[in-house]
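[1] give me the fold of what follows.
(2 chains)
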Amino acid sequence: MYIEKKKLSIKDVQRISTFTSIILFFLFVVLMFAFWNVQVLKNDYYKSLAIKNIYREIEIKAQRGLIVDRNNDIIAENKLDFSLFLVRKNIKDLEKTIKFINIITNIDKKKILNRIKKYKEYPESYSIPIKRNLSLEKVIYIKSRFDEFPGFKIAIEPTRLYPYKKIGSHILGYIGEITFKELNQKKTGIYNLGENVGKIGVEKQHEELLRGTKGAQIVLKDNLGRIQKVLSEKNPKIGNKIVLTIDWEIQKYIEEIFKDYMGTVGVVDLRTGGMLALVSKPNFNPESFSGFLGRDEWNALVNNPNKPLINRFLQGLYLPGSVFKIVMALTGLQEKIISPSTVVNCYGSVKIYDRIFHCWNTSGHGSMNLYNGLKNSCNVFFYTLGKKLEIDIIAKYAKMLGFGSRTNMGLPNEKVGLIPTKSWKLKHLHQKWFPGETISVSIGGGMLNVTPAQVLLMISTVALRGNMPQLHILKRIEYNGKVIRKFKPIFNQVSISKKNFEIVIEGLFRAVNDEGTGSAAKVEGLDICGKTGTQPIISKENPSYERLIKIYRFKAHSWFASFAPRNRPEIAVVVFIEHGGDAGIVAAPIAAKIYKKLFE
Amino acid sequence: MNDYLKYFDKFAFIIIIIISLFGILLICSVSQSLDQPYYLKQLLWLSVSLIVFFIVLRIKTEFVFRSSLFLCIVLSIILVIQLVAGQIIGGTKSWIKFGFIAIQVSEFIKIPIALYIANILSKTKIIDWFIFCKLMFLLGIPFLLIAMQPDLGTAFILTSFVIISIFLKRIKLSIIFISIMFVIIGSFLSWNYVLKPYQKNRIVSFFNPEKYSQSSGYQIIQSKIAIGSGGLSGKGFLKGSQSQYKFLPTRHTDFVVSVLGEEFGFIGISFLFLFFFILFYRQFNFKSQTDREFYFVYLFNFLILFQFSINILMSIGLFPILGVPLPFVSYGGSSLLSFFIGEAIIFKIKINNYLNI
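    The predicted structure follows:
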């Protein structure tokens, strides 16, 4: 252009107009092209981004399946709870938000922050659970301040309810928030951080059956993630119903009579192998684990020296004590080392391998045969028998009767225990077996380690004359009223002759019904057979024995393994009391009460 | 009066009305999501603008040119008062409130400036240092005052006067060189000392919007998604998800063209462009009676073109977000009214041309 004169000529104006028109034309061509490029050529790309902006698939959590006892009594169900979530994307002022949560829920600020950090790999729009079980007042209060704290989200979620609280807590277990470790182990896409999974008990064992199938809602949302429109909805499916073999009436009854003890009780229906009751004390309230951050109660449970979270029936390892004499008797009989006519004289103690082994009755039982040896639980009789047996032979029969392996009754984290052998000792302790150790094992001492569940399995096998039942607690699985799976009773015959079982059972019968050690378990009109076991913690040779024995933690553990009726056995009961003292006085009467309740 | 009607550019006028109604339609589309009946307000502003348009059309051009310097000074003083005592609305001191109505003075000052620059240009042969300084002084003061509000967009639009002046008049080369040096030093200083973090963010994010997709790049990305997802024929009136579900920021003002692109597609955009093209073409090609009238028409039309281009380019991420409304389309009474006043003067000039020759 460069007009260099003051006055414009018509030609100048023309020139400028033409030039401007050309520029104008090109500008609009360029603009049209730019929009053509974005709108038409790249339409698919931007369309997908626009859809990504507004579409959202919202998971709908499924309700967990119910757990009922054998009589269809609901022992674990669901309730709906208000939960508070945080959506990072929408948080305006993190510090203020955390402070507000702290005021509302009393959760430590640092804990909240750590929790949010845990979700760093999740998208910004993920709802981080902060607190479950919010009261309606708090929900209303939080909702009234949504404008101030747009990061908050309140949702109704199904959570677990255990109507019987502490009763049977070790059977049911509890649900708790999934850990990173569990998240990595499980199949992806099923669980998200912040969701609950079964941690112990049936809740853990049958997690897959109980969890149900999540539903989904496809919605349109605005820029702040607020739902504008629901496009489609797939309903969640509730988990399967689990029917247990446990009879909650019996369970409740035993927990009541057992409430002052630490220990465990197992009751099994010998006709099926289904557990009728499984008590472990101390126990806990499974509902303590709901809520996300309020973990004080949880810490108290974990740090409790009495370990209430341990299921003593399956996870407690103890010396079997005199209960093991049943195994010894069967071994001796089957190996033809002894017979019912074998007689041993008990003088209160016996010297074997230059060492004196004591009987619990220091004045001696006198002349003992096998029946009376079992009836009076005479140590000397079994020392003498042990001397004639190799440890590996004893171990063979012990294992045959269920020791040294899991009962697999259907609860997680069961312990194996230990039945020592020569090769085991050499391998693990790098020592050869001493014959004196066999003598200790003969009365259920030494390196033996058994769970009360194994003792129950052993006494059940004896009751059924070698027909070993598969212990179980799962009766059947139902969905929508239809049976999906049913547990069929399984029995395995062990290779010990029936005749030998009859001999041992006679001894066990005498122990209860003929003024033996278990006579406190006697119930009129019921042929109960049983064996006591009083497993001392300290030796009588200890110089301070008289003083120490009065202290709780030095008191002997008490066992009572039993079954009834003698001839057509229906029920087996094992009672174990930590530091209960004399089993005949403490454990046997509890078994008697249970039988009375069962056969009334 | 008959002559007025005879030589009044009815075609261009209708085009302007169509473009304005286009704007009201788009504002109507997003009003619901903004919870305010902005389109009714805009309709009211359009009515006011039309009345003022016809009033200005009656004023003699001579008077308009003569009072330009006075108006420049008065408006600048108001800008100073605003800066000192104005209340902050929406983060800036751009507004003066008269009861229910808020006026943006910065939108109006461009008219007397254009008039006065046209005056200067018509009296000079070549832009020498003296003229240049005069221009700079005239432009610089309102520029700085508006930039301090802070309203960089409106201030930046004023620089279009410099560009068109250089385009029209011969300028001394030394001025260009030294100006470029000043611009470089000036940008460096303003980057470090003047610009607010959010303004810097806008510029940085322009070059890499994806990296700032959660913050300052968000607007660019969402606008591009809106336009791009509209496709050829658009999603339909009130059916644009970006517009209706609030992903588009300032969708009734700066990003109104994105609403058009989303709901009416490339076809809708093409129509808008066509109308604007006709308007520009028609307003640039005319015969003028005096040189200053010629210069004014070019200065003012170019400003509209400049603002139009920046707004459009901004919406598809080809220009940093400056917060510049689309002339005649975006919501905003002051903007609409000021453009109608400017156009009224242009229409008047075109009538004069026929009446006096």
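
[2] for chain B, which spans come out with low pLDDT?
    B:1-2, B:210-216, B:356-357 (pLDDT under 70).

[3] nearest residue to the middle of it?
    residue B:307 (4.6 Å; CA atoms, centre = their mean).

[4] got the buried residues for the helix or strand containing it?
    Following DSSP states H and E, the helix or strand that holds residue B:307 is helix B:291-315. Buried residues in helix B:291-315, counting neighbours by 16 or more other CB atoms under 10 Å in any protein chain shown, are found at B:291-315. The way it works is simple: take the backbone N, C-alpha and C, and place the C-beta from them, glycine included.

[5] closest residue of chain B to chain A?
    Taking CB to the nearest CB as the measure, chain B has residue B:228 as its residue closest to chain A, at 2.6 Å.

[6] any idea which element that residue lies in?
    Assigned by DSSP H and E, residue B:228 belongs to helix B:217-230.

[7] what does residue A:26 give?
    helix A:10-36.

[8] what about that helix, distance to the chain center?
    Distance of helix A:10-36 from the chain centroid (CA atoms, centre = their mean, to the nearest Å) equals 81 Å.

[9] could you give me the buried positions within stretch A:254-274?
    For stretch A:254-274, burial by neighbour count (16+ other CB under 10 Å) applies to A:254-255, A:258, A:261-270, A:272-274.

[10] go through those residues and name the one nearest chain B.
    Using CB to the nearest CB, residue A:255 comes nearest to chain B of the buried residues of stretch A:254-274, at 55.7 Å.

[11] which pLDDT value goes with the closest one?
    What the model reports for residue A:255 is a pLDDT of 96.

[12] show me what contacts it?
    Residues in contact with residue A:255 (CB atoms under 8 Å, 6 or more residues apart in numbering or on different chains) are A:166-168, A:279, A:281, A:283.

[13] can you tell if the helix holding residue A:26 touches chain B?
    Yes: using CB under 8 Å from any CB of the partner chain, helix A:10-36 reaches chain B at A:13, A:16-17, A:20-21, A:24-25, A:27-28, A:31-32, A:34-36.

[14] would you mind getting the angle between that helix and helix B:291-315?
    For helix A:10-36 against helix B:291-315, the angle by axes from the mean of the first three to the mean of the last three CA atoms, to 10 degrees is 10 degrees.

[15] could you give the mean pLDDT of helix A:10-36?
    Here the average pLDDT along helix A:10-36 is 92.

[16] just checking, what packs against the helix holding residue B:228?
    helix A:43-54, helix B:197-207, helix B:241-244, helix B:256-284, helix B:291-315 (3 or more CB pairs under 8 Å, 6 or more residues apart in numbering or on different chains; DSSP states H and E).

[17] what are the C-alpha coordinates of that helix, in PDB please?
    Output in PDB follows, covering the C-alpha atoms of helix B:217-230 (Å, rounded to 0.1, in the frame of the first residue of the first chain):
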ATOM      1  CA  GLY B 217      -5.400 -25.900  28.600                       C
ATOM      2  CA  TYR B 218      -8.800 -27.200  29.600                       C
ATOM      3  CA  GLN B 219     -10.600 -24.400  27.700                       C
ATOM      4  CA  ILE B 220      -8.800 -24.900  24.500                       C
ATOM      5  CA  ILE B 221      -9.300 -28.600  24.600                       C
ATOM      6  CA  GLN B 222     -13.000 -28.500  25.500                       C
ATOM      7  CA  SER B 223     -13.600 -25.900  22.800                       C
ATOM      8  CA  LYS B 224     -11.900 -28.000  20.200                       C
ATOM      9  CA  ILE B 225     -13.800 -31.100  21.300                       C
ATOM     10  CA  ALA B 226     -17.100 -29.100  21.000                       C
ATOM     11  CA  ILE B 227     -16.300 -27.900  17.500                       C
ATOM     12  CA  GLY B 228     -14.700 -31.100  16.300                       C
ATOM     13  CA  SER B 229     -17.500 -33.300  17.600                       C
ATOM     14  CA  GLY B 230     -20.100 -31.200  15.800                       C
END
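
[18] what angle separates that helix from helix A:10-36?
    Going by the same axes, to 10 degrees, helix B:217-230 is angled at 90 degrees with respect to helix A:10-36.

[19] circling back: filter the residues of helix A:10-36 next to chain B down to the buried ones.
    By neighbour count, with 16+ other CB under 10 Å, the residues of helix A:10-36 next to chain B hold A:13, A:16-17, A:20, A:24, A:27-28, A:31-32, A:34-35 as buried.

[20] wait, is residue A:266 part of a helix?
    No: judged by DSSP: H, G, I helix; E, B strand; the rest coil, residue A:266 forms no part of a helix; its state is strand.

[21] that one bridge partners, please.
    Residue A:266 has these beta-bridge partners by DSSP bridges: residue A:278, residue A:574.

[22] OK, contacts around it?
    Residue A:266 makes contacts with A:275, A:277-279, A:313, A:452-453, A:456, A:573-574, as judged by CB under 8 Å, 6+ apart.

[23] wait, which of those is closest to residue A:485?
    Lowest distance from residue A:485 to the contacts of residue A:266 (CB to CB) belongs to residue A:275, with 17.5 Å.

[24] in which helix or strand does residue A:116 reside?
    Using DSSP H and E, residue A:116 maps to helix A:109-118.

[25] now that helix: buried residues?
    A:111-112, A:115-116.

[26] what pairs with the very next helix or strand once past that helix, parallel or antiparallel?
    Sequence order places strand A:127-134 as the next helix or strand after helix A:109-118, per DSSP H and E. Strands that pair with strand A:127-134, judged by DSSP bridges, come out as strand A:74-87 (antiparallel).

[27] please work out the average pLDDT along the strand it pairs with.
    On average, the pLDDT along strand A:74-87 is 90.

[28] what's downstream of that strand, the next helix or strand?
    Following strand A:74-87 in sequence order, the next helix or strand is helix A:94-105 (DSSP H and E).

[29] helices or strands up against the helix holding residue A:26?
    Packing partners of helix A:10-36 (3+ CB pairs under 8 Å, 6+ apart): helix B:256-284, helix B:291-315.

[30] got these as TSV, with distance to residue B:171 columns?
    As requested, the helices and strands packed on helix A:10-36 are exported to TSV (distance: least, CB to CB, whole Å):
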stretch	distance to residue B:171
helix B:256-284	21
helix B:291-315	15
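
[31] distance to chain A for these - can I get that in CSV?
    Below are the helices and strands packed on helix A:10-36 laid out as CSV (distance: least, CB to the nearest CB, whole Å):
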stretch, distance to chain A
helix B:256-284, 4
helix B:291-315, 5
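
[32] which residues of the stretch 51-200 of chain A lie near chain B?
    Going by CB under 8 Å from any CB, the residues of the stretch 51-200 of chain A near chain B are A:51, A:53-54, A:124.

[33] and the residue nearest to residue A:553 when sequence neighbours are not counted, what is it in contact with?
    Once flanking residues are discounted, residue A:553 sits nearest to residue A:579: 6.3 Å by CB to CB, 6 or more residues apart in numbering or on different chains. Neighbouring residues of residue A:579 by CB under 8 Å, 6+ apart: A:262, A:537, A:552-557.

[34] just the buried subset of those, please.
    Using 16+ other CB under 10 Å as the burial test, these include A:262, A:537, A:554-557 as buried.

[35] state the pair within the residues you listed that is farthest apart.
    A:262 and A:554 (14.6 Å).

[36] was I right to think residue A:50 contacts residue B:226?
    Yes: counting by CB atoms under 8 Å, residue A:50 sits close enough to residue B:226 to count as a contact (7.3 Å).

[37] who touches both of those two?
    Common neighbours of residue A:50 and residue B:226 (criterion: CB under 8 Å, 6+ apart): residue B:242.

[38] neighbour count winner among the two?
    Ranked by neighbour count (other CB atoms under 10 Å in any protein chain shown), residue A:50 and residue B:226 place residue B:226 first, with 31 against 23.

[39] what is the helix holding residue B:307 packed up against?
    helix A:10-36, helix B:61-66, helix B:110-122, helix B:152-158, helix B:160-168, helix B:217-230, helix B:256-284, helix B:333-356.
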